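A predicted structure for the sequence below; I have some questions about it.
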Amino acid sequence: MKSVFDFGLNDWELWCSERGLPRFSAKQIFQWIFQKGGKDPAQFTSLSLKIRQALAEEFNWKLLEIDSHLISRDESEKVLLRTADDLLIEMVIMPYDNRVTLCLSSQVGCKRGCTFCQTGRMGLKRNLTSGEILGQLLIANELLLPKDRTVTNVVFMGMGEPLDNYDEVVKACRIMLDENGFGLSSKRVTISTSGIVPRIAQLGRELPVRLAISLHSADNEKRSQMMPVNRLYNLEALKKVLIEYPAPHRLGITFEYVMIEGVNDRKEDARRLIEFLHGIKARVNLIPINHFPGVEMHPSSAKRLQDFQTELTNCSIPAPVRYSRGVDISGGCGQLAAKREGELHLDPRVLHRERRRSVLNVL
Ligand code: SAH
Ligand code: SF4
């Protein structure tokens with residue numbers, strides 16, 4: 001049975017026309033589901049009984065299930081969600097004074113294998129559907145309801161490489177931006193990518209969202225070691241596509257730069273970065289690496305961080321240091337590996353091996 005959350009406005013229009021229903025019913029159904037967060041078609045009172053019955057009979061209305069919910073000292077919340085086929089994904093809700101940012105997942109795991117990232121260590125299990133991506137937003141809004149707040153900003157910085165799941169991510173974004181869907185401003189939806197060059201070009205042509213690039217080194221050899229994707233799309237190819245990317249003029253492109261002691265944090269690394277950014281309207285988020293079990297990399301010292309930052313700001317490149325939120329609940333950047341409370345200390349490879357084994361034992 002199809003999930004109702006996978007249907008976009010076009011799909012509803014087709015569904016209505018196949019049943020001889022008026023076109024405006026399609027918009028109403030779409031609004032009930034995404035704008036109003038309705039989960040029970042019996043309550044869609046502006047629609048005829050016949051439509052409500054058809055909706056109930058023909059579709060699966062089950063959202064992702066909440067598996068566990070961890071709340072950080074800094075008030076961010078990590079929520080593990082269970083898919084219909086029993087896989088776990090994660091989202092992180094980060095409330096600020098004037099906005100609420102949701103960091104959501106686009107895949108279960110990731111195939112890109114960056115050495116410093118826990119998600120990468122899980123490997124890729126599968127892509128999420130647009131309904132599962134939007135389901136995260138629906139559930140986050142439901143959790144925020146008692147506080148009288150809703151998600152205002154979305155960042156695709158959870159599990160997965162969004163541009164490896166291009167079609168479903170774009171479909172979900174369109175519904176986020178649609179005034180009859182979630183009505184989010186395009187400046188408040190950010191797709192972060194490790195640099196899948198042809199897809200960046202396509203995204204630039206198709207969707208007016210903000211772009212963040214996980215750069216981490218402006219030296220090809222070093223970047224290829226840290227991020228195997230650089231062997232496919234090197235820095236020259238990446239730069240070319242970024243220069244052509246139609247980013248909002250005032251905002252430009254955000255670059256994520258994980259600061260790792262002795263690896264990419266020297267003055268020379270900063271100089272190369274400045275050279276790479278020449279000609280691009282850029283800001284660089286400097287993120288001291290979040291250490292995790294099974295990895296021998298450590299965050300740069302405060303002095304190194306400061307020196308690196310100074311190099312950039314001297315060249316008029318804004319470079320705020322970003323300490324991840326939710327680190328105590330393994331909810332920080334690169335820490336998302338479907339870990340429950342009590343599992344946070346585990347190496348993701350060991351954890352997922354154990355989980356596979358326990359499933360086999362049960363069978
Ligand atoms: N796959 C996409 C989206 C995930 S975003 C991408 O890579 O851009 C997750 C962000 O956290 C990326 O910028 C990633 O490089 C960063 N990250 C990964 N591991 C990290 C770690 N251990 N500490 C801090 N940031 C990390
Ligand atoms: Fe995948 Fe991004 Fe992690 Fe690299 S940093 S392994 S691309 S999620």
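Right, received. Where do you want to start? Numbers count the residues shown, from 1 in each chain. Ligands and ions are numbered 1, 2, ... in the order given.

dump the residue contacts of Cys16.
By CB atoms under 8 Å, 6 or more residues apart in numbering, the contact set of Cys16 is 22-23, 25-26, 29. Backbone N, C-alpha and C define where each C-beta goes, glycine included.

Ser68: what secondary structure?
strand (DSSP: H, G, I helix; E, B strand; the rest coil).

I'd like the distance between it and ligand 1.
Computed as CB to the nearest ligand atom, to the nearest Å, the Ser68 to ligand 1 distance reads 21 Å.

these two touch, right, that residue and Leu81?
No. Using CB atoms under 8 Å, Ser68 is not in contact with Leu81, being 9.3 Å away.

residues touching Pro91, list them.
No Pro there; residue 91 is Met. 78-79, 81, 102-105, 136, 139-140, 158.

Pull out the buried members of the contacts of Cys16.
Neighbour-count burial (16 or more other CB atoms under 10 Å) applied to those gives 25-26, 29.

Need these in JSON lines (columns: distance to Ser17 and pLDDT).
Below are these laid out as JSON lines (distance: CB to CB, whole Å; pLDDT from 0 to 100):
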{"residue": "Ser25", "distance to Ser17": "10", "pLDDT": "96"}
{"residue": "Ala26", "distance to Ser17": "8", "pLDDT": "97"}
{"residue": "Ile29", "distance to Ser17": "13", "pLDDT": "98"}
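
Is it possible to get JSON lines of the residues you listed that adds distance to Asn98?
Output for the buried ones among the contacts of Cys16, formatted as JSON lines (distance: CB to CB, whole Å):
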{"residue": "Ser25", "distance to Asn98": "37"}
{"residue": "Ala26", "distance to Asn98": "35"}
{"residue": "Ile29", "distance to Asn98": "33"}
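
Can you tell me which of those residues is nearest ligand 1?
Distance to ligand 1 across those (CB to the nearest ligand atom) is lowest for Ile29, with 31.8 Å.

So what does the closest one have for phi and psi?
As for Ile29, its main-chain torsions (degrees, to the nearest 10) stand at phi -60, psi -50.

what's the distance between the closest residue to it other than its chain neighbours and Lys62?
Closest residue to Ile29 apart from its sequence neighbours, by CB to CB, 6 or more residues apart in numbering: Trp12 at 5.1 Å. Per CB to CB, to the nearest Å, Trp12 is found 19 Å from Lys62.
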